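>>> here's my sequence, what's the structure:
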Amino acid sequence: MKINYKLSDTKYDLKSGLAVAALSLPIAVAYSEMIGLPPESGIFTVVFSLICYFIFGSSKDLIMGPDSATIALIAASIFAVGGLSDEINSRFIALTTIVSAVIFFICGFFRLGFISNFISKPILVGFLNGVAVVLIISQLTKFTGVKIINSNSVIGLFEFLGNLSGIHYPTFIIGITALLIIQLLGLKSRRLPSQLMIILISVFAVSFFDLKDFGIIFTPEIQSGVPVPVIPDFSLLSEYYDEILINASAIVLISYANTVLVGKSISRDRHNYDPDREFYAMGFVNIVNGIFRGFPASGSSSRTLVNINSGAKTKYSMVFAAVSIIVVVLFFSKEFSLIPAAVFAAIIIDAAIGIFKVKELNNIRKFSKTEFRISMICMSGVMLIGVLDGILIALVLSLLNIIRISSNPKEFELVFNPDTGLAEPAGADNENLSRNEFFIYRFEASMLFFNSDYFRKKLFERISGRTDLKLLIIDANPVNYIDVTSGNSLCEIISELNKTNVKVIFFGAVQDIEKKYSELLFKNKNNSGYFFPDIRSALEYYDKQILK
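A predicted model of the protein is given here:
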């Protein structure tokens, strides 16, 4: 990496780095607690994510680190496997992280950036809303002391309501107080590190009021301030192959889509943002995290906004953030054991509240009832049957919806308007422009095997009864792809029409489509295929060749 750093930027990058560290540190420890890892696992995940993305990432603003969606996926995989000891759990998560890194590298090699497009906005909103609910349910035990077995689904909520008599009031008072303080501090200023503030307040309160005598569960002490690499336990693949591969693939899909969304929508240097390079950056982030017993990372919208709003000038704000966290770990590790688990539960619940998008869900409902249903099915699936199964169901539904739309696209008659020189949809206001001798047809989709019969059916419905028809003009502008099945079907249609003395021509086809059309027509010995750049030139052909 070429170093060309201005010392005048240091004060801005240092300020932003401290703000990012203040937000990242408590979230990292909270997420570690959630998936049964020691605090240092989350801390090292943050540090290595920041440093690796600083080296390999394409955005100067995007902050990489633990993310609620990927944590929910990890938690779901642990819940699905069940009964793992702490040591095997740690190795399982590390190996899943490393396998996700390998998949990232493979995706980068084959330039599969388009896969993020399969996570539509309704799916992403439904998924994140479902994750928000699951995250809140998963923290109810730490937040209130009520024991819950099914903490990764909505069933846990009913368990909680049925066991309200088991509330541990000192724990609940700490949890609800912490949540209210975080919310109030957040309302006062988004730049204020409310998560760090509540940790400092809780450490002071525990020390001053000697709260360790009230049966409250506290965070384990950080055992090591120095990360130690370990050899991945690949033997786990033989026993948990399906779980690891499926979860790693889901992590890649969700975290990449989320990271690209943050990079394209929030980052200030969007013109330099390279989605394909991000595969490699995220691969290096996760492989290092896995080797040091961390967990997967993703682009964070909240921390990226903090980085930008705090005035960061360069990527070195990431380095300052990482160094700040290391300093805290080296000199204040014992203080972490004075933080009640309920405080970290409050931090996660606050994050979950922040990712629940009521307004966006309502906007989707107003725009499309079908996409709203897909979003709600995704959300319900995550809450009822688990994070992984919920997102898979939503993906299948989304693909089926795409196929449904592509199978039955809009199609209509066009008429030529001599005043504008353009073809426009036929309607009551321009019916006088319709001609019996020729028919202009538009099919608003690519021509594929699953809509070829629909194309044929609708076309013949449109031209049936037109005894004076001499020319069919097909608007090829919307067609950006044609497969063999549709091409052969089109040749059959042309042959049938030619037998009734109706010629077929095209206008507006791009070069690649025109080439494929021509090859298919020549192969089928059909000499009636003609291509024109626009409707006016097509009609000039009609006037000169057909009417002569």
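
>>> in the stretch 1-150 of the chain, where is pLDDT below threshold?
Scanning the stretch 1-150 of the chain for pLDDT under 70 picks out the ranges 1-3, 116-118.

>>> what about the strands in it?
Under the criterion DSSP state E, counting those that start in this stretch, strands of the stretch 1-150 of the chain are mapped to 63-65.

>>> now the closest residue to Leu422 other than its chain neighbours: phi and psi?
Excluding its sequence neighbours, the residue lying closest to Leu422 (C-beta to C-beta, 6 or more residues apart in numbering) is Ile535, at 6.8 Å. Every C-beta, even on glycine, is put in place using the N, C-alpha and C of the backbone. Backbone geometry at Ile535, expressed as degrees, to the nearest 10, gives phi -70, psi -30.

>>> from Ser41, how far out is Ile535?
64 Å (C-beta to C-beta, to the nearest Å).

>>> those two: who's more crowded?
Ser41 (25 against 22; other C-beta atoms under 10 Å).

>>> my guess is the more buried one contacts Ser90. True?
Yes. With contacts counted by C-beta atoms under 8 Å, Ser41 reaches Ser90, the gap being 7.3 Å.

>>> now list whatever residues contact both of the two.
Shared contacts of Ser41 and Ser90 (C-beta atoms under 8 Å, 6 or more residues apart in numbering): Arg293.

>>> ranges for the strands of the stretch 351-500 of the chain?
In the stretch 351-500 of the chain, the strands defined using DSSP E, counting those that start in this stretch lie at 411-417, 422-425, 438-443, 471-475.

>>> list the buried residues in the first one.
I take that to be strand 411-417. Buried residues in strand 411-417, counted by 16 or more other C-beta atoms under 10 Å: 411, 414-416.

>>> turn the residues you listed into TSV, including distance to Leu330 and pLDDT.
TSV is the format used below for these (distance: C-beta to C-beta, whole Å; pLDDT from 0 to 100):
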residue	distance to Leu330	pLDDT
Glu411	68	95
Leu414	72	95
Val415	76	94
Phe416	77	92
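
>>> how about the residues you listed in CSV, adding distance to Thr304?
Formatted as CSV, these follow (distance: C-beta to C-beta, whole Å):
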residue, distance to Thr304
Glu411, 44
Leu414, 46
Val415, 51
Phe416, 51
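
>>> any idea how many residues pack against Leu395?
There are 19 residues near Leu395, going by other C-beta under 10 Å.

>>> and it, what pLDDT?
Residue-level confidence at Leu395 comes out at 77, pLDDT.

>>> what residues are up against Leu245?
Leu245 makes contact with Val99, according to C-beta under 8 Å, 6+ apart.

>>> phi, psi of it?
Per degrees, to the nearest 10, the backbone of Leu245 is at phi -70, psi -40.

>>> and the gap between it and Met282?
For Leu245 relative to Met282 (C-beta to C-beta), the value is 17 Å.

>>> likewise Pro220?
Counting by C-beta to C-beta - Pro220 and Met282 are separated by 29 Å.

>>> same question, Phe443
As judged by C-beta to C-beta, Phe443 and Met282 stand 40 Å apart.

>>> who has more neighbours out of those two?
Under the criterion of other C-beta under 10 Å, the comparison of Phe443 against Met282 puts Met282 first, with 33 against 21.

>>> Ala257 is in contact with that one, correct?
No. If you go by C-beta under 8 Å, Met282 and Ala257 don't touch, sitting 11.4 Å apart.

>>> Thr171 in helix, strand or coil?
The three-state label given to Thr171 by DSSP: H, G, I helix; E, B strand; the rest coil is helix.
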